[in-house]
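Student: What follows is a predicted structure for the sequence shown.
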Amino acid sequence: MIETALKALFILLYATFVGFMFMGIIRIVTARIHRRVGPPIYQPILDTIKLLSKKSNITHGLIYDFGILYAVGATILAVMFIPLGSIGVLRAYGDLILITFLLEIPMLGIMFAAMSSGNPYAGIGAQRALLTLLAIQVPLGFAIVALAEFYGTFSTYEIVMAQQTMGWSIFHFPLLLAAIAYDLVLQAMFGKEPFDIMIAPGEISLGPMVEFGGKHMGLLQIQHAIALFAETLFFANIFLGGGVVTAFSSSILNTIAGLAVLLVKQVAVLLIATFMGAIFPRFTIDQAAKFYWKWPTIIAALGAVLASL
Amino acid sequence: MVDWRLYEPLINFARKRSMWIVAFCTGCGGIEMPPLMTSRYDLERFGMMPNPAPRMADLFLITGYVTPKTLKRIIITYEMQPDPKYVLAHGSCPLNGGIYWDAYNAIKHLDKYIPVDVAIAGCMPRPEAVMDGIKKIMDLIETGKADGWKRYKENYEYYKKNQDELFGEGWREKTARRWIPWLMGREKKREEE
Amino acid sequence: MAEEVKASWSKGEEIVRMLLEKAPYAEGTVRRERRLEFKVPADRIVDFLRTAKANGFELLLQITAVDWLKEGEIELVYQLFSISHGTHAMVKTRLPRDEARISTVMDIYPVAETYERDAHEFFKVTFEGNPKLEMPWILEDEDREVGVSHRKDFDMLGYVKRKYKLLDRFDEDKENYVI
């Protein structure tokens, strides 16, 4: 029992810290692409400390406060379900679908809070975010079905274990298609260009975030960090072979090596998303929905059909 | 409970190194912002970011002359920001009117209406001068001397008196309701048709 | 020099002649290349602009006003532009200062609504028939109540001193001031 609690605490701290580093990496890499120097890598941590130390002189009611906690809680729950190397707290049959679902819940929580603030920009942003959420469901579902068809299981842990003997998922052609579709979906889940019309800063003043300030925004930064960690971790697990290392005799060394392997894979996923975000302009919301319902859906559906053959 | 004074240096360091700017350019100095933000001078090195929402912003750059019409919006935006908030007046117009010293439509002393932490002279200040002002405000934050938000609370009567003298009593409501008769008139006309 | 340029643009002379045939009450000259000038009595301005629009002057660029204090007149300048002829045209008309009323040209050039509001706010010219003259424009309500205008007999410096409570450090003639 105590061991499980310690593991959960470790996962939480590790996810938060690495997530903040990921946010810093995104900002630095974007700055280097713009030929700027960029902020130090610990800049998001400073931002969060500053935001948490601000005096919140405004609230918009219970839902406004609750939506943020809801988002943070859902993200933490999702992180607990994803196997982190050999460390895992919660494990259930069918958690492939559960994690996919949990990774989208935070957006809903933010929507609740934003809608209850009554700001028109928040309303517009929430509508756009919900439409994006609707648009990514179809390719996401097909990609998950392709995985489940190929490996014959809905358990993330078993998929990771199967990849140790069969090779990484992306080296099988049907799953490569699914991975491409899932990577396009990740772009919207990270909230990066070209699918970031819901938080467009110039047009609708950050959309759902427009009313959050002080501690609410600080909690949202923490949530964003954990979500970045969880999403990249999930992708690395199901498509890039996870981080299971059995080379050393000591289990602690194995765990640390596994974490390191996972970290490299996560950073690779993150960098692809950052490069895409830095060089593309923004889709409008109807273009984004049409795009998701056309190309990723076709690719993922093809993958699912090939996987079931 | 926890004695938060213990963490004051850390918090001050975070406040100093992560100032988010309200993206509200009031005058001609707004054109100095693009070179400051982009690759030539790159303010993001210091963790500064333009931010469209006033709720999560710390630093308010008054870039250039301020008209009474803008000043109403500036006061409302300033009061919307959560509490440790800093104002950096930019150029000589907020100091004494600058070249608009005899204009009916530019206010002469900004610090009569909202507290100003650091003022940069010049018409208009080069990006280097702005960066010098930002360095100054960072030092003030670290030593705890950037206390404009406290002064605004303590001397609210003074600021309110000056604002009311310029705009008239109840200017917030009046400004908010200014267009209602015309909008209502249009509604009525549409109903008649 | 100016005479030579005026003489050299024969196309402008033709346009002026063509317009003046249809509107004999106006007088027109060629200022220089691509700048025509017409002087129209105030009561015929609607007729003249209608004629001009029918003869190729499609756009109204601006309506400005000039305050001639000594002559007691306000001069309105309608700047027209013609794409088919490729030329500007300044249509000038004069109104008495204390009774500055003129008919609106909104039905000819719809954009005139905005410029007429501008001229009404800053030079107190009343355009009869424009429904939006009293709508808020650039001036704030408190300025409008005091009667701020750019007419030359308005004491702008005194108003600025009163409004912003400036110390009386300026000389009135603006030639010699101390800040």
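Tutor: That came through fine. Fair warning: this is a prediction, and the values are worked out from it, not measured in the lab.

Student: Would you map the strands across the chain?
Tutor: Reading this off chain A. Assigned by DSSP state E, chain A shows no strands.

Student: other chain: chain B
Tutor: Under DSSP E, chain B gives strands at B:20-22, B:49-51, B:59-63, B:86-90, B:118-120.

Student: What number of residues are in the vicinity of the residue of the stretch 51-200 of chain A found nearest chain B?
Tutor: Taking C-beta to the nearest C-beta, chain B has its nearest neighbour within the stretch 51-200 of chain A at residue A:55, 3.7 Å off. (Glycine included, C-beta is placed from N, CA and C.) For residue A:55, the count of nearby residues is 13 (other C-beta atoms under 10 Å in any protein chain shown).

Student: which outside residues touch stretch B:29-41?
Tutor: A:34-36, B:25, B:43-44, B:50, B:61, B:63-64, B:90-91, B:124-128, B:130-131 (C-beta atoms under 8 Å, 6 or more residues apart in numbering or on different chains).

Student: mind checking pLDDT for residue 95?
Tutor: Reading this off chain A. On pLDDT, residue A:95 comes in at 82.

Student: actually it's chain C I care about, not the one you picked
Tutor: Model confidence at residue C:95, given as pLDDT, is 89.

Student: thinking again about what came up before, just the buried residues of the contacts of stretch B:29-41.
Tutor: When the contacts of stretch B:29-41 are checked for burial by 16 or more other C-beta atoms under 10 Å in any protein chain shown, the buried set is A:36, B:25, B:43-44, B:50, B:61, B:63-64, B:90-91, B:124-125, B:127, B:130-131.

Student: Going by distance to chain C, which of the residues you listed wins?
Tutor: Out of the buried ones among the contacts of stretch B:29-41, the member with the shortest distance to chain C (by C-beta to the nearest C-beta) is residue B:91, at 15.0 Å.

Student: That closest one and residue A:184, how far apart?
Tutor: 46 Å (C-beta to C-beta, to the nearest Å).

Student: swap in residue A:255?
Tutor: Between residue A:255 and residue A:184 the computed distance is 32 Å (C-beta to C-beta).

Student: So which of these two has more stuff around it?
Tutor: Using other C-beta under 10 Å as the criterion, residue A:255 and residue A:184 rank with residue A:184 on top: 23 against 17.

Student: For that one, list the residues it contacts.
Tutor: Per C-beta under 8 Å, 6+ apart, neighbours of residue A:184: A:139, A:292, A:295-296.

Student: What is the neighbour count of residue 148?
Tutor: Assuming you mean chain A. Residue A:148: 19 neighbours (other C-beta under 10 Å).

Student: Hmm, no, I was thinking of chain C.
Tutor: Neighbours around residue C:148, by other C-beta under 10 Å: 20.

Student: quick one: pLDDT of residue A:58?
Tutor: 72.

Student: Quickly note the distance from the closest residue to residue A:166 other than its chain neighbours to chain C.
Tutor: Spatial nearest neighbour of residue A:166, excluding adjacent residues (C-beta to C-beta, 6 or more residues apart in numbering or on different chains): residue A:172 at 7.7 Å. Separation of residue A:172 from chain C (C-beta to the nearest C-beta, to the nearest Å): 65 Å.

Student: about what we covered before: switch the contacts of residue A:184 over to TSV; also include distance to residue B:104.
Tutor: TSV is the format used below for those (distance: C-beta to C-beta, whole Å):
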residue	distance to residue B:104
A:139	60
A:292	55
A:295	59
A:296	59
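
Student: Redo those residues as TSV? Include distance to chain B.
Tutor: What follows is the contacts of residue A:184, written out as TSV (distance: C-beta to the nearest C-beta, whole Å):
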residue	distance to chain B
A:139	31
A:292	26
A:295	31
A:296	30
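
Student: Intersect those with the contacts of chain C.
Tutor: The subset of these within reach of chain C, by C-beta under 8 Å from any C-beta of the partner chain, is empty.

Student: Out of those residues, which comes closest to residue B:100?
Tutor: residue A:292 (51.9 Å; C-beta to C-beta).
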